[in-house]
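Enquirer: Sequence and computational prediction follow.
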Amino acid sequence: MWQDKGIIVIGATAGLAESTLMHLAEQGASLVLHGRNKETLQQLQNKLPDSASTVLVQGDVTDPSLGSQLWSALQDLPGTPFGFLCFVGIPGRLAQDEWTPQALSDIFAVNCAGPLLLCRHWAEQMRAHEHTGNAVLFSTMQANYPFEGSLPYSLGKVALQHGIQILAKEVGNAPVLRVNGIAPGVNEAGMALASIQRGKYQPYVDDQRIPRYGTPQDILQAVSFLLQPDLYMTGQTLLLDGGFTLRRDQA
């Protein structure tokens, strides 16, 4: 499905990303892999099939020049520019006496402003070159339910979901560009893994408020759906949490 299609991947070294990127590479997609750490990026690149066409871009998502670097790298890869994936997120685990406007602003920049501006740059370039394509950004279940103590993290992700709608509305005309999101729940990878290991969410599995924890395979299936070239959906965020936010407060 994605053979000869180029995809920019922001936060490619995130825990939830690897299975999805392996699948895309096996399907013939060309990948621009972005991350903050060069060594970790190279380790990811080495895990992908030898036949995969990839290029690495190291940088900070808040760097105004990163969008141009990513587009230039995409142009150097074989295939037609098509996709934009953003797995970026930092948890914002701060003690409440550390909740300052500057601290929250720094977290917001990574979890919302940087990703949205990078996606907007991608969309502008796609339109200028008359390419159709799909973008998928990652939010969180905490943007869809008022979790106590989550303000530093969820603030940016709530705004991200609204930003997804705005971008989808702005770029939806021909050439068709679709912008959607995924809001994962408790997954056995990524940021939630440490909380699972501490037993934080085990009671919810034990009493079957959620049937199991999420897996990278769940993420792969959702991304694959949202990257379909003929997708009949835009401006939406899939809540992929196994029913956690729906039943969290049930006794």
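Expert: Yes, it's here. Numbering: from 1, shown residues only.

Enquirer: show me where pLDDT drops low in the stretch 51-200 of the chain?
Expert: Within the stretch 51-200 of the chain, no range satisfies pLDDT under 70.

Enquirer: In it, what residue spans correspond to helices?
Expert: 66-76, 101-108, 114-128, 151-171, 192-197 (DSSP state H, counting those that start in this stretch).

Enquirer: closest one to Ser30 among the ones you listed?
Expert: Closest to Ser30 of these, according to C-beta to C-beta: helix 66-76, at 7.9 Å. Glycine gets a C-beta too; all of them are placed from N, C-alpha and C.

Enquirer: roughly how far out does that closest one sit from the chain middle?
Expert: Centre-to-centre, helix 66-76 and its host chain are 18 Å apart (C-alpha atoms, centre = their mean, to the nearest Å).

Enquirer: Just send the helices of the stretch 51-200 of the chain back as a markdown table, with mean neighbour count too.
Expert: Below are these laid out as a markdown table (neighbours: other C-beta atoms under 10 Å):
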| stretch | mean neighbour count |
| --- | --- |
| helix 66-76 | 17 |
| helix 101-108 | 14 |
| helix 114-128 | 21 |
| helix 151-171 | 20 |
| helix 192-197 | 14 |
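
Enquirer: can you redo those as a markdown table with distance to Val136?
Expert: Converted to a markdown table, the helices of the stretch 51-200 of the chain look like this (distance: least, C-beta to C-beta, whole Å):
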| stretch | distance to Val136 |
| --- | --- |
| helix 66-76 | 15 |
| helix 101-108 | 20 |
| helix 114-128 | 9 |
| helix 151-171 | 9 |
| helix 192-197 | 19 |
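
Enquirer: so which of the ones you listed comes closest to Arg93?
Expert: helix 151-171 (7.8 Å).

Enquirer: so what does that closest one touch, helix or strand wise?
Expert: Helix 151-171 is packed against helix 101-108, helix 114-128, strand 133-138, strand 177-184, with contacts defined by 3 or more C-beta pairs under 8 Å, 6 or more residues apart in numbering; DSSP states H and E.
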